[in-house]
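Participant: Kindly return the folded structure for what I paste below:
(one chain, ligands or ions: 1)
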Amino acid sequence: MQYWGKSFSYLPLEGPVKLKNPDITLCYIEYYGLNPNSIPEEPYEYFFGRWIADGQRELIQKLSLKTRKFIGNTSMDPQLSLIMANQAQIRKGDLVFDPFVGTGSLLIAASQFGGYTFGTDIDFLMLHGRTRPTRISQKTREKDESIAANMHQYGMSSYYLDVVVADFSYPLWRTDLRIDAIITDPPYGIREATERIGTMKTNPVIEEHQATSHIPSKIGYGLNQIYKDLLCFSARHLKLDGRLVCWYPLFRDQYTEDQLPAHPCLELLANSEQILSNYTSRRLLTYKKIKEPEATDESIIMNLTDFREKYFALREETRKEKRTRKATERARRREEWERSNKEVTER
Ligand SMILES: C[S@@+](CC[C@H](N)C(=O)[O-])C[C@H]1O[C@@H](n2cnc3c(N)ncnc32)[C@H](O)[C@@H]1O
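Facilitator: As a prediction, this is how the structure comes out:
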């Protein structure tokens, strides 16, 4: 075998070449750059290696939101969901949890790699498939829209444990519950509310006759607190070497690594940016649990600016700017019109 005048004879390859059902497949790749209008005579790079696995890009199409039975306004697209499941290194038999499960897109991705999945969400209507339909063409939700129906659609029912309507800010699970991976997209408070159960009243009392029909009131659940709870929960409930993969929103010009949520039991392994607008982006964070928490490990060193407050303040600012610009333009046009009218009548 030859490449660019050189030969592979130095490799200790023995035995016959089997083109049908080979025991191993060796690949030779030449890299000519990325510009189709300027292809060099000789490749920039040569790669030679053993084929170790097939990609699974067809899963992106298979899990498309366009054909998924149950979706919501914040359903995570399949490509990103699959990346999250990959980052979490989900393997067959793993226990995988999403505390802000929504329509369960991340559970679907995790199940593709053999993860047994469960989740929680505070939104009763969402988990019961009773929110307003997301598709414009759909007037009402179908009766059987749910995460379970999605899992059934993809033949993954056996990897679906269940979901529970629950507020993540309150402890729900046994303290000895251990999870292999947590993958989640917490609410940023932009397209969905960041809320938890609570009241501003000092001594709230629920009368006995109200007890059975009482719907608890909600208060704000700030982003700082959400990430603090998420990292503490992960430190407590992940197995050693287990991974937390989550998105984290921020203002691009303010990004520094010390702004990212941190916990002494969690090592930050990866941190990649997805740009959302001129000002904002979100980062996909991958943490690995490196030790069991001690009492002193509970606090998190963080320096978060409140994304939600700043986001709306900035929008308010740009709306104001837009209004002022339009008013100035109107005034200029009126002045021009009055001036030209005056010229016509004077002639
Ligand atoms: C960005 S969405 C998650 C979307 C989800 N990844 C999907 O693909 O559908 C965040 C979810 O967090 C839920 N949430 C907000 N506050 C919560 C809380 N205190 N406890 C649990 N879930 C909460 C919201 O109802 C919402 O469904």
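Participant: How much space separates the residue in the stretch 101-250 of the chain that the ligand sits nearest to from residue 186?
Facilitator: Nearest to the ligand in the stretch 101-250 of the chain, going by CB to the nearest ligand atom, is residue 102, at a distance of 2.7 Å. Backbone N, C-alpha and C define where each C-beta goes, glycine included. To residue 186, residue 102 is 10 Å away according to CB to CB, to the nearest Å.
Participant: what does residue 171 give?
Facilitator: From residue 171 to residue 186 the distance is 17 Å (CB to CB).
Participant: who has more neighbours, those two?
Facilitator: Neighbour count, other CB atoms under 10 Å: between residue 171 and residue 186, residue 186 has more, with 21 against 11.
Participant: Residue 247 is in contact with that one, correct?
Facilitator: Yes: in this structure, residue 186 is within contact of residue 247 by CB atoms under 8 Å, at 7.3 Å.
Participant: Near the ligand, which residues of the stretch 51-200 of the chain? Just list them.
Facilitator: 72, 74-76, 100, 102-103, 105-106, 120-123, 126, 167-169, 185, 187, 192, 194-196 (CB under 6 Å from any ligand atom).
Participant: what about 8 Å?
Facilitator: For the stretch 51-200 of the chain, the contact set with the ligand under CB under 8 Å from any ligand atom comprises 71-72, 74-76, 81, 98-106, 120-123, 126, 166-169, 184-188, 191-197.
Participant: Quick one: buried ones out of those residues?
Facilitator: The neighbour-count criterion (16 or more other CB atoms under 10 Å) marks 71-72, 74-76, 81, 98-106, 120-123, 126, 166-169, 184-188, 192, 194-196 among these as buried.
Participant: re the thing from before, just the ones of the residues of the stretch 51-200 of the chain next to the ligand in strands?
Facilitator: 98, 120, 121, 184, 195, 196, 197 (DSSP state E).
Participant: Now for the first one: which residues touch it?
Facilitator: This means residue 98. If a contact means CB atoms under 8 Å, 6 or more residues apart in numbering, then residue 98 has 104, 106, 107, 117, 118, 119, 120, 182, 183, 184 as its contacts.
Participant: likewise the last one?
Facilitator: Under the criterion of CB under 8 Å, 6+ apart, the contact list for residue 197 reads 122, 167, 169, 170, 216, 217, 218, 219.
Participant: Lowest-confidence entry in those?
Facilitator: Ranked by pLDDT, the contacts of residue 197 bottom out at residue 216 (82).
Participant: Mind jotting down where the strands sit in the stretch 151-300 of the chain?
Facilitator: Secondary structure of the stretch 151-300 of the chain (DSSP state E, counting those that start in this stretch): strands at 160-165, 179-184, 195-197, 218-220, 238-251, 266-275, 280-289.
Participant: can you check the stretch 1-150 of the chain too?
Facilitator: Ranges of strands within the stretch 1-150 of the chain are 2-3, 6-7, 26-31, 45-50, 95-98, 116-121, based on DSSP E, counting those that start in this stretch.
Participant: Of all the ones you listed, which one is nearest residue 275?
Facilitator: Evaluated over the strands of the stretch 1-150 of the chain, closeness to residue 275 peaks at strand 95-98, with 24.1 Å, by CB to CB.
Participant: mind listing what that closest one pairs with, with the direction of each?
Facilitator: Counting by DSSP bridges, the strands paired with strand 95-98 are strand 116-121 (parallel), strand 179-184 (parallel).
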